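Colleague: structure of the sequence below:
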Amino acid sequence: MSFRLALCSLASLLALSLTAAGCNGVDTGEQAMEATPTPEGDDDDDDGSNPTPNPTATPSPVPTQPIGSGNEIEVNDDHDTANPLGASTTFSGACGDLDLADIFELSVPAGKTVSATITWTEGANDDLDLYVSNYDYTIDQGDESVPPGDSPATIAAAFPAAQDGYVEVFCFYALNPNTAYTGTITVQ
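Modeller: Numbers count the residues shown, from 1 in each chain. Here you go, the predicted structure:
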């Protein structure tokens, strides 16, 4: 029992000595805190300097495809981002490792037929497919020939009602990066 009493006394003395010393140099959270506002322009890293502000990046605008120009502009991989075209025009684009679809949009009057053709220089396994559709795919015609002899691809689809039509180039196994194609669209 005297051993336990001595141990308790020793622990108490140790605790008192640490409290009296105040743990010099260590923030115990017991010191009074005073809030002061950060001076305007100070970066609050306590070195007193005012840093050069980081420039804000200006987002680059997504270019708008002029009607009838026919030049593919990414992103045009679905109906909502399709590049607009004129009623009768030529168009061009390129398939690559990451570019699996190019979609072009045109207005189709009621009772008209959209015809489309694409041509490219075939590589051993390059497979480009051509489709004509409407937004919800109730009209959906495609040329899905496989290589070799896949180019040119040609398709036509009738549109009984006036609506937006889409010419879609899908790039399957385009092993040659940036396999370029050209195409024509007519609405008759």
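Colleague: surely Tyr135 and Gln163 touch.
Modeller: Yes - under the criterion of CB atoms under 8 Å, Tyr135 makes contact with Gln163 at 7.2 Å. Every residue, glycine included, has its C-beta placed from N, CA and C.
Colleague: any idea how far Gly149 is from Lys113?
Modeller: I think there's a mix-up here, since residue 113 is Thr and not Lys. Distance, Thr113 to Gly149, using CB to CB, to the nearest Å: 25 Å.
Colleague: so which of these two has more stuff around it?
Modeller: More neighbours surround Thr113 than the other of Thr113 and Gly149, with 14 against 8 (other CB atoms under 10 Å).
Colleague: next, count neighbours for the residue lying closest to Asp77 once chain neighbours are set aside.
Modeller: Closest residue to Asp77 apart from its sequence neighbours, by CB to CB, 6 or more residues apart in numbering: Ala101 at 4.7 Å. Residues near Ala101, counting by other CB under 10 Å, number 16.
Colleague: Ala101 contacts Cys171, doesn't it?
Modeller: Yes - applying CB under 8 Å, one finds Ala101 in contact with Cys171, separated by 6.8 Å.
Colleague: if I look at Asn125, how far off is Gly93?
Modeller: From Asn125 to Gly93 the distance is 19 Å (CB to CB).
Colleague: which of the two has more neighbours?
Modeller: With neighbours defined as other CB under 10 Å, Asn125 and Gly93 compare such that Gly93 has more, 28 against 14.
Colleague: beta-bridge partners for that one, please?
Modeller: Here Gly93 sits in beta bridges with Tyr181, going by DSSP bridges.
Colleague: so it sits against Asp102, correct?
Modeller: Yes - contact status for Gly93 versus Asp102: in contact at 4.3 Å, counting by CB under 8 Å.
Colleague: quick check: which ranges of the protein have low pLDDT?
Modeller: 1-69, 86-88, 97, 173-177 (pLDDT under 70).
Colleague: how about 80 then?
Modeller: By pLDDT under 80, the weakly predicted segments of the chain are 1-71, 86-88, 96-99, 123-126, 172-178.
Colleague: for it, which segments count as helices?
Modeller: With helices called from DSSP state H, the chain shows them at 2-21.
Colleague: tell me who's in contact with Glu168.
Modeller: With contacts defined as CB atoms under 8 Å, 6 or more residues apart in numbering, Glu168 is in contact with Ala101, Asp102, Ile103, Phe104, Leu130, Tyr131, Val132, Ser133.
Colleague: check the gap between it and Tyr181 for me.
Modeller: 12 Å.
Colleague: show me where this protein has its strands.
Modeller: 83-84, 89-95, 101-108, 112-120, 127-134, 140-143, 153-159, 163-172, 179-187 (DSSP state E).
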